[in-house]
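Asks: Need a 3D model of the following:
(one chain, ligands or ions: 1)
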Amino acid sequence: MSARILDGKALATKIKARVAEDVKDYQAKTGGVPGLAVILVGDDPASSVYVASKEKAALAAGIHSLLIRLPADAKREQVLDSVTRLADDDAVHGILVQLPLPGHLDTEEVQLAVPAHKDVDGFHPVSAGKLLLGQEGGFVACTPKGVLALLDEDGIDLKGKEVVIVGRSNIVGKPAALLMLSRHATVTVCHSRTHDLATVCSRADVLIASVGYPGLIRGNFIKPGAVVIDVGINRITDPEQAADLLSGQPKRLARFAKNGKSLVGDVHFGEARERASAITPVPGGVGPLTIAMLLENTLTGARRSAGLGGD
Ligand code: GUN
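Replies: Now for the predicted structure:
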(Lines give C-alpha, C1' and ligand atoms only; values in the text may rest on other atoms or scores of the structure.)
Protein backbone atom coordinates (compact mmCIF):
# COMPACT_ATOMS: atom_id res chain seq x y z
CA MET A 1 0.00 0.00 0.00
CA SER A 2 1.20 3.52 -0.67
CA ALA A 3 -0.49 6.04 1.56
CA ARG A 4 -2.54 8.99 0.42
CA ILE A 5 -0.71 12.26 1.10
CA LEU A 6 -2.47 14.70 3.42
CA ASP A 7 -1.63 18.01 1.79
CA GLY A 8 -1.32 20.58 4.57
CA LYS A 9 -0.01 23.21 2.21
CA ALA A 10 -3.14 23.09 0.06
CA LEU A 11 -5.40 23.24 3.12
CA ALA A 12 -3.39 26.14 4.57
CA THR A 13 -3.81 28.06 1.30
CA LYS A 14 -7.57 27.50 1.47
CA ILE A 15 -7.78 28.60 5.12
CA LYS A 16 -5.65 31.70 4.50
CA ALA A 17 -7.92 32.69 1.61
CA ARG A 18 -10.96 32.29 3.87
CA VAL A 19 -9.30 34.38 6.60
CA ALA A 20 -8.50 37.10 4.01
CA GLU A 21 -12.20 37.20 3.05
CA ASP A 22 -13.26 37.37 6.70
CA VAL A 23 -10.74 40.18 7.31
CA LYS A 24 -12.49 42.18 4.59
CA ASP A 25 -15.79 41.61 6.34
CA TYR A 26 -14.23 42.69 9.66
CA GLN A 27 -12.86 45.81 8.02
CA ALA A 28 -16.23 46.67 6.49
CA LYS A 29 -17.92 46.33 9.87
CA THR A 30 -15.33 48.03 12.10
CA GLY A 31 -13.25 50.29 9.84
CA GLY A 32 -10.08 48.67 11.22
CA VAL A 33 -7.97 45.59 10.56
CA PRO A 34 -6.91 42.77 12.89
CA GLY A 35 -3.42 43.28 14.33
CA LEU A 36 -0.82 40.65 15.19
CA ALA A 37 2.34 41.47 17.14
CA VAL A 38 5.29 39.10 17.32
CA ILE A 39 8.09 39.48 19.84
CA LEU A 40 11.38 37.94 18.79
CA VAL A 41 14.19 37.91 21.34
CA GLY A 42 17.63 37.16 19.92
CA ASP A 43 18.59 36.03 16.43
CA ASP A 44 18.05 32.28 16.38
CA PRO A 45 18.03 31.56 12.60
CA ALA A 46 15.11 29.08 12.71
CA SER A 47 13.00 31.51 14.76
CA SER A 48 13.82 34.36 12.36
CA VAL A 49 12.62 32.22 9.43
CA TYR A 50 9.36 31.31 11.24
CA VAL A 51 8.72 34.92 12.20
CA ALA A 52 9.31 36.16 8.64
CA SER A 53 6.81 33.61 7.30
CA LYS A 54 4.26 34.66 9.90
CA GLU A 55 4.64 38.34 8.92
CA LYS A 56 4.35 37.57 5.22
CA ALA A 57 1.23 35.43 5.73
CA ALA A 58 -0.40 38.05 7.98
CA LEU A 59 0.17 40.84 5.47
CA ALA A 60 -1.15 38.68 2.60
CA ALA A 61 -4.36 38.12 4.60
CA GLY A 62 -4.78 41.86 5.28
CA ILE A 63 -3.75 41.51 8.94
CA HIS A 64 -1.57 44.29 10.31
CA SER A 65 1.72 42.78 11.45
CA LEU A 66 4.07 44.26 13.99
CA LEU A 67 7.47 42.75 14.78
CA ILE A 68 9.27 43.70 17.99
CA ARG A 69 12.87 42.56 17.83
CA LEU A 70 14.84 42.52 21.06
CA PRO A 71 18.51 41.64 21.51
CA ALA A 72 19.49 38.17 22.79
CA ASP A 73 20.64 39.74 26.07
CA ALA A 74 17.42 41.73 26.59
CA LYS A 75 16.63 42.18 30.27
CA ARG A 76 13.54 40.65 31.82
CA GLU A 77 12.01 44.12 32.35
CA GLN A 78 12.56 45.08 28.73
CA VAL A 79 10.74 41.99 27.47
CA LEU A 80 7.89 42.36 29.98
CA ASP A 81 7.57 46.08 29.08
CA SER A 82 7.21 45.22 25.40
CA VAL A 83 4.50 42.68 26.16
CA THR A 84 2.66 45.15 28.40
CA ARG A 85 2.75 47.87 25.75
CA LEU A 86 1.24 45.50 23.21
CA ALA A 87 -1.31 44.32 25.76
CA ASP A 88 -2.45 47.96 26.14
CA ASP A 89 -2.51 48.66 22.39
CA ASP A 90 -6.07 48.46 21.01
CA ALA A 91 -4.76 47.94 17.47
CA VAL A 92 -3.12 44.67 18.55
CA HIS A 93 -5.47 41.69 18.88
CA GLY A 94 -2.91 38.92 19.01
CA ILE A 95 0.49 38.74 20.72
CA LEU A 96 2.93 35.95 20.04
CA VAL A 97 6.22 35.58 21.88
CA GLN A 98 8.43 33.46 19.65
CA LEU A 99 9.89 30.43 21.45
CA PRO A 100 12.41 29.40 22.51
CA LEU A 101 13.39 32.45 24.55
CA PRO A 102 17.05 32.87 25.57
CA GLY A 103 17.87 30.86 28.68
CA HIS A 104 18.13 33.80 31.09
CA LEU A 105 14.45 34.65 30.61
CA ASP A 106 11.61 32.91 32.43
CA THR A 107 9.37 31.67 29.59
CA GLU A 108 6.39 31.08 31.86
CA GLU A 109 6.60 34.59 33.30
CA VAL A 110 6.72 36.18 29.85
CA GLN A 111 3.85 34.05 28.57
CA LEU A 112 1.75 34.96 31.60
CA ALA A 113 2.24 38.66 30.81
CA VAL A 114 0.30 38.17 27.55
CA PRO A 115 -3.35 38.75 28.46
CA ALA A 116 -5.54 35.70 27.78
CA HIS A 117 -7.74 37.58 25.28
CA LYS A 118 -4.68 38.31 23.08
CA ASP A 119 -2.97 34.95 23.54
CA VAL A 120 -3.32 33.71 19.95
CA ASP A 121 -0.78 30.94 20.67
CA GLY A 122 -3.18 29.38 23.18
CA PHE A 123 -0.40 29.03 25.75
CA HIS A 124 -2.02 31.05 28.57
CA PRO A 125 -3.35 28.98 31.50
CA VAL A 126 -6.83 30.41 30.85
CA SER A 127 -6.81 29.12 27.26
CA ALA A 128 -5.29 25.80 28.30
CA GLY A 129 -7.87 25.52 31.11
CA LYS A 130 -10.78 26.26 28.76
CA LEU A 131 -9.57 23.58 26.39
CA LEU A 132 -9.28 21.13 29.27
CA LEU A 133 -12.80 21.91 30.47
CA GLY A 134 -14.31 21.98 26.98
CA GLN A 135 -15.28 25.65 27.32
CA GLU A 136 -15.51 28.10 24.44
CA GLY A 137 -13.87 31.51 24.38
CA GLY A 138 -10.18 30.60 24.64
CA PHE A 139 -7.63 30.06 21.90
CA VAL A 140 -6.50 26.61 20.83
CA ALA A 141 -2.75 26.22 20.19
CA CYS A 142 -2.10 26.58 16.47
CA THR A 143 -0.29 23.32 15.65
CA PRO A 144 -2.77 20.87 17.24
CA LYS A 145 -5.61 22.97 15.83
CA GLY A 146 -4.00 22.53 12.40
CA VAL A 147 -3.72 18.77 12.91
CA LEU A 148 -7.45 18.56 13.65
CA ALA A 149 -8.28 20.74 10.63
CA LEU A 150 -6.28 18.38 8.42
CA LEU A 151 -8.08 15.29 9.77
CA ASP A 152 -11.44 17.03 9.34
CA GLU A 153 -10.62 18.10 5.80
CA ASP A 154 -9.88 14.48 4.90
CA GLY A 155 -13.14 13.31 6.49
CA ILE A 156 -11.38 11.21 9.14
CA ASP A 157 -13.89 10.51 11.91
CA LEU A 158 -12.17 10.24 15.27
CA LYS A 159 -15.11 8.87 17.25
CA GLY A 160 -14.10 5.66 19.04
CA LYS A 161 -10.72 5.56 17.28
CA GLU A 162 -7.43 4.79 19.00
CA VAL A 163 -5.28 7.91 18.78
CA VAL A 164 -1.69 7.61 19.96
CA ILE A 165 0.28 10.83 20.43
CA VAL A 166 4.05 10.64 20.80
CA GLY A 167 5.22 13.71 22.73
CA ARG A 168 3.68 15.48 25.72
CA SER A 169 4.65 19.09 25.16
CA ASN A 170 2.40 21.96 26.23
CA ILE A 171 2.54 23.28 22.66
CA VAL A 172 1.47 20.13 20.80
CA GLY A 173 1.11 16.81 22.65
CA LYS A 174 -1.10 17.85 25.57
CA PRO A 175 -3.49 20.14 23.66
CA ALA A 176 -3.67 17.58 20.82
CA ALA A 177 -4.72 14.92 23.36
CA LEU A 178 -7.52 17.16 24.66
CA LEU A 179 -8.73 18.00 21.16
CA MET A 180 -8.83 14.33 20.16
CA LEU A 181 -10.67 13.52 23.39
CA SER A 182 -13.23 16.22 22.57
CA ARG A 183 -13.89 14.27 19.36
CA HIS A 184 -14.49 11.08 21.35
CA ALA A 185 -11.25 9.33 20.45
CA THR A 186 -9.51 6.96 22.87
CA VAL A 187 -6.25 8.76 23.49
CA THR A 188 -2.83 7.52 24.59
CA VAL A 189 0.03 9.98 25.14
CA CYS A 190 3.56 8.53 24.93
CA HIS A 191 6.80 10.18 25.97
CA SER A 192 10.47 9.49 26.56
CA ARG A 193 9.77 7.09 29.45
CA THR A 194 7.13 5.05 27.65
CA HIS A 195 7.96 1.33 27.60
CA ASP A 196 7.92 -0.41 24.23
CA LEU A 197 6.93 2.60 22.15
CA ALA A 198 6.61 0.50 18.98
CA THR A 199 3.92 -1.73 20.50
CA VAL A 200 1.93 1.20 21.91
CA CYS A 201 2.13 3.06 18.57
CA SER A 202 1.02 -0.02 16.65
CA ARG A 203 -2.39 0.21 18.38
CA ALA A 204 -3.06 3.56 16.74
CA ASP A 205 -5.72 4.19 14.13
CA VAL A 206 -4.33 7.72 14.11
CA LEU A 207 -0.70 8.23 15.11
CA ILE A 208 0.55 11.75 15.85
CA ALA A 209 4.30 12.23 16.29
CA SER A 210 5.66 15.39 17.89
CA VAL A 211 8.98 14.79 19.61
CA GLY A 212 11.64 16.46 17.48
CA TYR A 213 13.60 13.23 16.94
CA PRO A 214 14.28 12.52 13.27
CA GLY A 215 12.77 9.27 12.01
CA LEU A 216 11.93 7.87 15.47
CA ILE A 217 8.74 6.28 14.17
CA ARG A 218 9.63 3.39 11.90
CA GLY A 219 7.41 1.31 9.63
CA ASN A 220 6.92 -1.45 12.22
CA PHE A 221 5.38 1.12 14.65
CA ILE A 222 2.47 1.59 12.29
CA LYS A 223 -0.70 -0.47 12.10
CA PRO A 224 -1.54 -1.21 8.47
CA GLY A 225 -4.10 1.34 7.31
CA ALA A 226 -3.38 3.87 10.08
CA VAL A 227 -3.39 7.63 9.53
CA VAL A 228 0.01 9.13 10.36
CA ILE A 229 0.44 12.79 11.29
CA ASP A 230 4.06 13.94 11.52
CA VAL A 231 4.49 17.20 13.42
CA GLY A 232 8.29 16.98 13.63
CA ILE A 233 10.49 19.29 11.58
CA ASN A 234 14.14 18.28 11.95
CA ARG A 235 17.10 19.47 9.94
CA ILE A 236 19.58 16.69 9.14
CA THR A 237 23.08 17.07 7.70
CA ASP A 238 24.63 13.64 8.35
CA PRO A 239 24.87 11.67 5.06
CA GLU A 240 24.46 8.30 6.82
CA GLN A 241 21.34 9.48 8.58
CA ALA A 242 20.04 10.92 5.31
CA ALA A 243 20.66 7.60 3.51
CA ASP A 244 18.56 5.88 6.17
CA LEU A 245 15.77 8.41 6.66
CA LEU A 246 15.34 9.36 3.00
CA SER A 247 15.46 5.76 1.73
CA GLY A 248 12.58 5.16 -0.66
CA GLN A 249 12.66 8.85 -1.69
CA PRO A 250 15.28 9.04 -4.49
CA LYS A 251 14.52 12.66 -5.45
CA ARG A 252 15.00 13.86 -1.91
CA LEU A 253 18.17 11.82 -1.53
CA ALA A 254 19.53 13.45 -4.69
CA ARG A 255 18.67 16.89 -3.29
CA PHE A 256 20.45 16.00 -0.04
CA ALA A 257 23.54 14.99 -2.05
CA LYS A 258 23.46 18.44 -3.69
CA ASN A 259 22.61 20.62 -0.66
CA GLY A 260 24.07 18.63 2.24
CA LYS A 261 20.92 19.14 4.32
CA SER A 262 17.31 18.14 4.45
CA LEU A 263 14.20 18.58 6.57
CA VAL A 264 12.68 15.38 7.91
CA GLY A 265 9.91 14.57 10.34
CA ASP A 266 9.73 12.32 13.38
CA VAL A 267 8.42 9.55 11.12
CA HIS A 268 10.47 7.48 8.66
CA PHE A 269 8.38 8.58 5.68
CA GLY A 270 9.50 5.91 3.18
CA GLU A 271 8.67 3.05 5.56
CA ALA A 272 5.51 4.59 7.00
CA ARG A 273 4.05 5.34 3.58
CA GLU A 274 4.05 1.61 2.79
CA ARG A 275 1.84 0.78 5.79
CA ALA A 276 -0.31 3.85 6.44
CA SER A 277 -3.52 4.71 4.57
CA ALA A 278 -2.77 8.43 4.81
CA ILE A 279 0.28 10.41 5.89
CA THR A 280 1.50 14.01 6.15
CA PRO A 281 4.76 14.85 4.38
CA VAL A 282 7.54 16.93 5.92
CA PRO A 283 7.77 19.65 4.78
CA GLY A 284 4.31 20.57 3.46
CA GLY A 285 2.18 18.71 5.99
CA VAL A 286 1.34 20.15 9.39
CA GLY A 287 3.86 23.06 9.25
CA PRO A 288 1.93 25.39 6.90
CA LEU A 289 -1.24 24.88 8.94
CA THR A 290 0.31 26.33 12.10
CA ILE A 291 0.58 29.75 10.44
CA ALA A 292 -2.90 29.52 8.91
CA MET A 293 -4.31 28.82 12.38
CA LEU A 294 -2.39 31.74 13.86
CA LEU A 295 -4.09 34.04 11.36
CA GLU A 296 -7.44 32.47 12.18
CA ASN A 297 -6.86 32.98 15.92
CA THR A 298 -5.83 36.61 15.36
CA LEU A 299 -9.01 37.28 13.41
CA THR A 300 -11.00 35.58 16.18
CA GLY A 301 -9.34 37.84 18.78
CA ALA A 302 -10.16 40.93 16.72
CA ARG A 303 -13.78 39.84 16.16
CA ARG A 304 -14.25 39.17 19.86
CA SER A 305 -12.82 42.56 20.82
CA ALA A 306 -15.23 44.24 18.39
CA GLY A 307 -18.18 42.31 19.81
CA LEU A 308 -18.62 40.40 16.54
CA GLY A 309 -18.43 36.97 18.13
CA GLY A 310 -15.55 34.53 17.96
CA ASP A 311 -15.07 31.21 16.18
N1 GUN B 1 8.29 28.23 18.34
C2 GUN B 1 8.04 27.09 17.64
N3 GUN B 1 6.71 26.91 17.49
C4 GUN B 1 6.10 27.95 18.10
C5 GUN B 1 4.73 28.32 18.25
O6 GUN B 1 3.78 27.65 17.82
N7 GUN B 1 4.54 29.48 18.95
C8 GUN B 1 5.55 30.23 19.45
N9 GUN B 1 5.23 31.32 20.11
N10 GUN B 1 6.83 29.91 19.32
C11 GUN B 1 7.10 28.78 18.63
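Asks: any idea how far the closest residue to Pro34 other than its chain neighbours is from Pro288?
Replies: Of all residues not flanking Pro34 in the chain, Ala302 sits nearest, at 3.5 Å (CB to CB, 6 or more residues apart in numbering). (Glycine included, C-beta is placed from N, CA and C.) With distances taken as CB to CB, to the nearest Å, Ala302 is found 22 Å from Pro288.
Asks: Who has more neighbours out of the two?
Replies: Using other CB atoms under 10 Å, the more surrounded residue of Ala302 and Pro288 is Ala302, with 29 against 22.
Asks: for the closest residue to the ligand within the chain, what are its contacts?
Replies: When scored by CB to the nearest ligand atom, the chain has Leu99 as its residue closest to the ligand, at 3.6 Å. By CB atoms under 8 Å, 6 or more residues apart in numbering, the contact set of Leu99 is 47, 107, 171.
Asks: Over to Pro283?
Replies: Contacts for Pro283 (CB under 8 Å, 6+ apart) come out as 233, 263.
Asks: Please identify the helix or strand for it.
Replies: Counting by DSSP states H and E, no helix or strand carries Pro283.
Asks: For the chain, just list every one of the strands.
Replies: Here the chain has its strands, by DSSP state E, at 4-5, 35-41, 64-70, 94-97, 162-166, 186-190, 206-209, 227-230, 234-236, 262-264, 278-279.
Asks: Can I get these in a markdown table including distance to the ligand and mean pLDDT?
Replies: Below are the strands of the chain laid out as a markdown table (distance: least, CB to the nearest ligand atom, whole Å; pLDDT from 0 to 100):
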| stretch | distance to the ligand | mean pLDDT |
| --- | --- | --- |
| strand 4-5 | 23 | 98 |
| strand 35-41 | 8 | 98 |
| strand 64-70 | 13 | 97 |
| strand 94-97 | 5 | 98 |
| strand 162-166 | 16 | 98 |
| strand 186-190 | 19 | 98 |
| strand 206-209 | 16 | 98 |
| strand 227-230 | 15 | 98 |
| strand 234-236 | 13 | 96 |
| strand 262-264 | 14 | 97 |
| strand 278-279 | 22 | 98 |
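Asks: Fine by me, we can end here.
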